[in-house]
Structures are given as C-alpha cells and as structure tokens.
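In: predicted structure and sequence below. I'll ask about it afterward.
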Amino acid sequence: MSAEEILGGMWADREGNIDATGNIQAFASAAKGKRTEIAQHKRVFELNQTLGRWEVIAGKDTVSFEYMSPAEGLRAKQEG
C-alpha cells in the first residue's frame, strides 16, 4: 500500500484491541469475595432488566441479579 492509495483516515490514540480473556479474568478477580456468583459455560437465552435488577434465563434456570457483567468473548454470536 502506498500513501497515494489512501483517501482518508482517522487516528484514535486511545483505541485498540482488548484482550477479552484478560478482561474477563480481571472482572472475576475484582468480584471474588463480594457476594458474587460466577456462572461458566451457561448459554443465556434471555436477558431482561426489570426494576433495577437483571433477570437471566439460561436453559431451565432463571436467576436475578442487581449487577451483571456479561463476558461472552469473541464467539458470542455463534450458535452452539
């Protein structure tokens, strides 16, 4: 590629890629010991916000949380 082929561009010095696994691990580490529940390998079918709480429907289970941090990773849109 040469500069002659560039029609426009944008520089964003604070943008970049995120390490999804490292981000998830950081959330989990910060949450430990603070009345938290970490559920792994659960397929979420519905996520609803009602009256200041989050209702998560995962298979046959329905749980409710005040705070929720989804950590789906790169393949979140894939079926499976």
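Out: On my side now, so go ahead. Residues are numbered from 1 along each chain as shown.
In: where exactly do the strands run in this structure?
Out: Ranges of strands in the chain, per DSSP state E, are 46-50, 53-58, 61-65.
In: which neighbouring elements make contact with the first one?
Out: On a contact count with 3 or more CB pairs under 8 Å, 6 or more residues apart in numbering; DSSP states H and E, strand 46-50 meets strand 53-58. Placement of C-beta: from N, CA and C, glycine included.
In: what about the helix or strand of the chain with the lowest mean pLDDT, distance to the chain center?
Out: Across the helices and strands of the chain, the lowest-confidence element by mean pLDDT, DSSP states H and E is helix 20-31, at a mean of 80. Between the centre of helix 20-31 and the centre of its host chain there is 10 Å, according to CA atoms, centre = their mean, to the nearest Å.
In: list the buried ones in it?
Out: By neighbour count on 16 or more other CB atoms under 10 Å, the buried set for helix 20-31 is Ile24.
In: export that helix as CSV, just CAs?
Out: Backbone C-alpha positions of helix 20-31 (Å, rounded to 0.1, in the frame of the first residue of the first chain) are rendered in CSV as follows:
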residue,chain,number,x,y,z
ALA,A,20,-11.2,-10.5,26.1
THR,A,21,-9.9,-13.3,28.3
GLY,A,22,-7.8,-10.9,30.4
ASN,A,23,-10.7,-8.6,30.8
ILE,A,24,-13.0,-11.3,32.0
GLN,A,25,-10.4,-12.6,34.4
ALA,A,26,-10.0,-9.0,35.8
PHE,A,27,-13.7,-8.7,36.4
ALA,A,28,-13.8,-12.1,38.1
SER,A,29,-10.8,-11.3,40.3
ALA,A,30,-12.3,-8.0,41.4
ALA,A,31,-15.7,-9.6,42.1
